[in-house]
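Colleague: What follows is a predicted protein model with its sequence.
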Amino acid sequence: MLGDFFFVKHVVGADTFKMLIDCGVLQCIGTKASKPTTSLGKERIIAGAADFMKDCGGALDLVVATHEHYDHLSGFILANDTFRSLKIAKVWMAWTEDRTDEVANGYRKKKNKALSALAALARSPALAATSDEMKTVTNLLQFYGGLDSVGDGAMGVAAKKRDDLAGNASCEAVLEWLRDRAGPGNVVFLKPGDVVRWGVHDAFRAYVLGPPRDDAKKLRQLDPSAGVAREVYLARGEDVETVVGLAVVHGDNGGRVRLEDQPFVPLHWCPYGANGKKLKARAPKQKPNIRIAGIYAKGDAKYRRIDDDWLGSVESLALKIDGDVNNTSLALGLELDKRVLLFPGDAQVGNWLSWGDQTYPANDTASGPRLKIEDILARTILYKVGHHASHNATLRERGLELMTDPRLCAMIPVVEETAHEQVTKNSPHGWSMPYGDLYKRLNELTDGRILRGDGETAAEKNKFGASIFRLSYGTNFKPNDPLWVELALDL
């Protein structure tokens, strides 16, 4: 399936440390006929959750929630009945989810305001599926849960019960559910440069690589500087306000946004009189007459109307938010006796670049030696490939090329056919996952030791035969299509 769902165990004699890193699958937006492999996702995640609960015994020492996207968190919604009895001792999240962090709260407030407005537009019967732009918006909103719950935070919890998630719950509600399940004092919000313990008796260290905390520019950078220029976090404030205003006139807004915000943000407000004529310049502190909103809504002058031109802005904002949330991914290097398992979530360019902004303690002595990101990546023996091996979620010179351990292996939570089914105006052939050049280089560096959601079991067994990992598969979900794959390493 296309989605992240990783179970990490450390076993020492009779003791076992159990860690879950994400649990989700891509939502099927469309018909089973148009997306046959995508439509299998729900069935797979439910089956996987049931098998996982047996394996973990219904209790976990740690859950790592990397970021607020459906393909990383939806398992808790879709397999809600299965997870209802799950016990969680501790939860790790990125600093961006910390409700006591003013910077994080500012980002989250802006994001939720924009998502609510976008959802209002998407719910409007007059706009639903009327243009390629609105189809893109609707599709992207599915990454946060059901349209009725997007942007509403914890209100996505069914009947406001904190022990239950509705089938259309938002991903933010899942994060709230995880926090509540672990309980006060057991949720840790991690910042880059932190080193935290995991494993039986806290045997191992985990290096917190991202997301960046003190460099807003890198938090905003989604693509390589020479690529498409979308390096603004959640767009500019006025972009968000503009879409909020558009939702008033065009959307099913439920009273959540104000008419006076429409159709332009305060920066562009201009006073109009009762007859619609522009008034003389007002004093700086004078409140504007927002007659222009009524004129726009009534459409009494065609030359004043922008008609459907605003749809491009709406689509652009939805795309930006999608990438920005990916870039808030909690990126971790899990160390095992100076070997590293790299889990970057869906971190994009700016997140990766920020890993070199800090050093990491090489041991538990405060004044001891420090590690650079080059040292950590050079120790990497397993790379969970970022964002299903998309084009902008693995750095080249400052990322993959630094993974020089000859034992390097990779895993990609992707089904290529599922990726190709996600056809849009901007992606007429679907998503390019795995990205060709990246996949070619991964093959070279790992000597073909790559696990995929659609991998051929015989070929994988052959390649991993001489690996430091032992490879095994669970009961077949369908012929030659196992429900899970396991890598074991002797320490």
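Modeller: Ah, there it is. Residues are numbered from 1 along each chain as shown.

Colleague: Pass me the low-pLDDT residue ranges in the protein, would you?
Modeller: 126-131, 146-164, 220-315, 317, 319, 426 (pLDDT under 70).

Colleague: What ranges does the stretch 351-491 of the chain have for its strands?
Modeller: Along the stretch 351-491 of the chain, counting by DSSP state E, counting those that start in this stretch, strands occupy 360-361, 370-371, 380-384, 409-412, 450-452, 470-473, 476-478, 481-482, 485-488.

Colleague: could I get the fourth one in CSV with only the CA atoms?
Modeller: Backbone C-alpha positions of strand 409-412 (Å, rounded to 0.1, in the frame of the first residue of the first chain) are rendered in CSV as follows:
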residue,chain,number,x,y,z
CYS,A,409,19.4,-0.8,2.6
ALA,A,410,16.3,1.1,1.8
MET,A,411,12.5,0.7,2.1
ILE,A,412,9.9,2.6,0.1
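
Colleague: Mind giving me the packing neighbours of that strand?
Modeller: Applying 3 or more Cβ pairs under 8 Å, 6 or more residues apart in numbering; DSSP states H and E, we find strand 409-412 packed against strand 380-384, helix 436-446, strand 450-452. C-betas here are computed from N, CA, C, even on glycine.

Colleague: Excluding its own residues, what touches the first one? List them.
Modeller: Looking back up the chat, that one is strand 380-384. Here strand 380-384 makes contact (Cβ atoms under 8 Å, 6 or more residues apart in numbering) with 4, 6, 333, 339-344, 400, 403, 405, 407-411, 413, 468-469, 487.

Colleague: circling back to that earlier point, and Ala33, which of the helices and strands packed on strand 409-412 is closest to it?
Modeller: strand 450-452 (24.9 Å; Cβ to Cβ).

Colleague: Parallel or antiparallel, list what pairs with the closest one.
Modeller: strand 409-412 (parallel) (DSSP bridges).

Colleague: rewinding a little: looking at the helices and strands packed on strand 409-412, which is closest to Asp132?
Modeller: Of the helices and strands packed on strand 409-412, nearest to Asp132 by Cβ to Cβ is helix 436-446, at 25.5 Å.

Colleague: mind listing what's buried in that closest one?
Modeller: Residues Leu438, Tyr439, Leu442, Leu445, Thr446 are the ones in helix 436-446 that count as buried (16 or more other Cβ atoms under 10 Å).

Colleague: ok, what's across the strand from the closest residue to the third one other than its chain neighbours?
Modeller: To tie it back to what came earlier, the one meant is Leu442. Taking Cβ to Cβ, 6 or more residues apart in numbering as the measure, Leu442 lies nearest to Ala410, with 5.3 Å between them; neighbours along the chain are not counted. Beta bridges link Ala410 to Tyr383, Ile450, judged by DSSP bridges.

Colleague: Would you mind confirming that Ala410 is in contact with Asp447?
Modeller: No - the criterion here is Cβ atoms under 8 Å, and Ala410 misses it with Asp447 at 10.7 Å.

Colleague: Now do Gly75 against Ser34, distance only.
Modeller: For Gly75, the distance to Ser34 equals 24 Å [Cβ to Cβ, to the nearest Å].

Colleague: if you count what's nearby, which of those two comes out ahead?
Modeller: A count of neighbours by other Cβ atoms under 10 Å puts Gly75 above the other of Gly75 and Ser34, at 28 against 12.

Colleague: The longest helix along the chain - contacts with which helices or strands?
Modeller: Selection of the longest helix in the chain by residue count, based on DSSP state H, yields helix 102-123. Applying 3+ Cβ pairs under 8 Å, 6+ apart, one finds that helix 102-123 contacts helix 132-141, helix 237-250, helix 310-327.
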